[in-house]
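Asker: Provide a 3D model corresponding to the input given below.
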Amino acid sequence: MTASSFPFTPSASASSNSSLPFSSTPFSINQNICSFDDTTLRLPLMVSYSLFFVIGLVGNLFALWVFLFLHSSRNSVRVFLINCAVADLVLLACLPFRVLYHINGNKWVLGSLACKLVGNLFYMNMYISILLLGLISLDRYLRLKGKGRARRGMMMRLRGRNWPWSWVACAALWGLSLIAAVPMIATAEDKENSGQCFQYKQRRVAKGKAYFNAMLVLLFWLVFIMLVVSYAKIASQLLRVSRDKPDLPNSHKYQRTAKKSFFVLFLFTLCFGPYHAFRPVYILSQLSGTASCDYLHLVDRTNEVMLLFSAFNSCLDPVMYFLLSGSVRKTALRVLGDRLGNWATSNSSTTEFRRTSVPVALNSQLNTPSGTPRNSICVIKSTLRHTGVTVFPPTDQH
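Answerer: Okay, here's the model as predicted:
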């Protein structure tokens, strides 16, 4: 599953085949003809993955802190977002290994098993994030169309107990992902090289891995179609309510909420679309036995650029959390404001006065309905609950 892009140049082993031109040398003659040591991409990859690691780590840790400690409710969307943040953090934990690999001159010193472990964990958590975004869109759509209890929370009965379906779905997703990753790690490659990692790999012997990657590409496009259909239905429902009920309170927010529904789809397409659109070409090149080094060089470099977009998603996920979830955004800003205010008052000459006056004002605000952090979807739902119009349940929108 792992791949990197390193230009292909003739190696020492190709000296005996000097009669074969580099641009037309078939890959099947000798894999060593195509070298996997690229010095031009080392610095861009090292800088990019370093920035992704720092930005993504700060953003996802902060988001996870908000989800776990600032909200007691565990609705389905929040459960999915918590798991999405965890998946992003595991993916980000793989990036320092890539950075150290490029710093070390594209030399891997931890062995082939560690290389396959890091690479497969990266891809496993990338696809877990993709599937979680698909589950969020499915949950929103089912709640939009559901009635009564289905809108309040869908349950699944297992071992005599009722469990929220979001918990069951996340547990199944993590379990199946781990089961699928084990054979990918244990199965040997066409050519084992303990001194290299993340490089282009031929799949003419280990064809099962290529076919498995092709299945993941198909799975991505199925999730993509589900996202498009779900968010299109959600947006059309909100726009119809805004058009048919213009006199209802907060009706002016429906169009803005509909636009936010497409923000997830936009980022999903931007980060994962290019990689999976090019992925079939990459897989076919791995199975081909007659591709030239020039062609493989182009395929590999293109794949590496597309992979950067996919890794960048782990930095953008926190933006979606706080942009689309009004309650999380307001709570986080309020807590940060309180902490900064407490730090400022503790270092001012009016500390005693502010300690007696500020909490009273804060408490009076927090005890009123206007002081309760609520997102736009919650406002719409609470406002229209008595009108008979079907909209979202009082949960966060992602």
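
Asker: The top helix by length along the chain packs against which elements?
Answerer: For the chain, the longest helix by residue count, based on DSSP state H, is helix 207-244. When contacts are defined as 3 or more CB pairs under 8 Å, 6 or more residues apart in numbering; DSSP states H and E, helix 207-244 sits against helix 112-145, helix 165-186, helix 254-287, helix 376-384. Just so you know, the C-beta spots here come from the backbone N, C-alpha and C atoms, and that holds for glycine as well.

Asker: Mind doing that once more with 6 Å?
Answerer: Contact here means 3 or more CB pairs under 6 Å, 6 or more residues apart in numbering; DSSP states H and E; on that basis helix 207-244 packs against helix 112-145, helix 254-287.

Asker: Return the set of buried residues in the last one.
Answerer: Judged by neighbour count (16 or more other CB atoms under 10 Å), helix 254-287 contains these buried residues: 254, 257-258, 260-265, 267-268, 271-276, 278-279, 282-283, 285-286.

Asker: follow-up on the earlier one: weakest of the helices and strands packed on helix 207-244 by average pLDDT?
Answerer: Among the helices and strands packed on helix 207-244, helix 254-287 carries the lowest mean pLDDT, at a mean of 86.

Asker: and the angle for the very next helix or strand once past that one with helix 112-145?
Answerer: On the C-terminal side of helix 254-287, the closest following helix or strand by DSSP states H and E is helix 293-324. For helix 293-324 against helix 112-145, the angle by axes from the mean of the first three to the mean of the last three CA atoms, to 10 degrees is 40 degrees.

Asker: which stretches of the stretch 251-398 of the chain aren't confidently modelled?
Answerer: 251-254, 323-328, 331-332, 339-398 (pLDDT under 70).

Asker: Any idea how many residues pack against residue 293?
Answerer: The tally of other residues near residue 293 (other CB atoms under 10 Å) stands at 22.

Asker: surely it meets residue 200?
Answerer: No - counting by CB atoms under 6 Å, residue 293 does not reach residue 200; the two are 10.6 Å apart.

Asker: want to throw the helices and strands packed on helix 207-244 into a markdown table with distance to residue 222?
Answerer: Converted to a markdown table, the helices and strands packed on helix 207-244 look like this (distance: least, CB to CB, whole Å):
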| stretch | distance to residue 222 |
| --- | --- |
| helix 112-145 | 8 |
| helix 254-287 | 11 |
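
Asker: Can you tell me which of these is nearest to residue 219?
Answerer: helix 112-145 (7.4 Å; CB to CB).

Asker: so what does that closest one touch, helix or strand wise?
Answerer: Checking 3+ CB pairs under 6 Å, 6+ apart, helix 112-145 ends up next to helix 76-103, helix 165-186, helix 207-244.

Asker: ok, and which of those helices has the densest surroundings?
Answerer: helix 76-103 (a mean of 21; mean count of other CB atoms under 10 Å).

Asker: what about that one, average pLDDT?
Answerer: Averaged over helix 76-103, pLDDT sits at 92.

Asker: by contact count, what packs against that helix?
Answerer: helix 42-69, helix 112-145, helix 165-186, helix 293-324.

Asker: Tell me which of the helices and strands packed on helix 207-244 sits nearest to residue 217.
Answerer: helix 254-287 (4.8 Å).

Asker: the inter-axis angle of the closest one versus helix 112-145?
Answerer: Counting by the same axes, to 10 degrees, helix 254-287 lies at 150 degrees to helix 112-145.

Asker: now the helices and strands packed on helix 76-103 in a markdown table, with distance to residue 232?
Answerer: Output for the helices and strands packed on helix 76-103, formatted as a markdown table (distance: least, CB to CB, whole Å):
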| stretch | distance to residue 232 |
| --- | --- |
| helix 42-69 | 27 |
| helix 112-145 | 10 |
| helix 165-186 | 22 |
| helix 293-324 | 17 |
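
Asker: mind checking which of the ones you listed is nearest residue 230?
Answerer: helix 112-145 (3.9 Å).

Asker: Redo the helices and strands packed on helix 112-145 as JSON lines? Include distance to residue 61.
Answerer: Formatted as JSON lines, the helices and strands packed on helix 112-145 follow (distance: least, CB to CB, whole Å):
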{"stretch": "helix 76-103", "distance to residue 61": "7"}
{"stretch": "helix 165-186", "distance to residue 61": "19"}
{"stretch": "helix 207-244", "distance to residue 61": "26"}
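
Asker: Out of those, which is closest to residue 115?
Answerer: In terms of CB to CB, the element of the helices and strands packed on helix 112-145 nearest to residue 115 is helix 76-103, at 8.5 Å.

Asker: So residue 322 sits against residue 336, correct?
Answerer: No - checked against CB under 6 Å, the pair residue 322 and residue 336 is beyond contact range at 11.3 Å.

Asker: and the two? which has more neighbours close in?
Answerer: residue 322 (18 against 11).

Asker: how close does that one sit to residue 329?
Answerer: Going from residue 322 to residue 329 by CB to CB, to the nearest Å gives 5 Å.

Asker: Residue 285 now?
Answerer: Separation of residue 285 from residue 329 (CB to CB): 44 Å.

Asker: can I assume residue 163 sits in a strand?
Answerer: Yes - under DSSP: H, G, I helix; E, B strand; the rest coil, residue 163 sits within a strand.

Asker: what's the burial count for it?
Answerer: Around residue 163 there are 14 other residues, counting by other CB under 10 Å.

Asker: For it, give the beta-bridge partners.
Answerer: residue 156 (DSSP bridges).

Asker: confidence score at it?
Answerer: Residue-level pLDDT assigned to residue 163 equals 74.

Asker: likewise residue 173?
Answerer: Residue 173 carries a pLDDT value of 95.

Asker: so who does it touch?
Answerer: residue 131 (CB atoms under 6 Å, 6 or more residues apart in numbering).

Asker: let's see 8 Å
Answerer: Neighbour list for residue 173: 83, 128, 131, 132, 135 [criterion: CB atoms under 8 Å, 6 or more residues apart in numbering].
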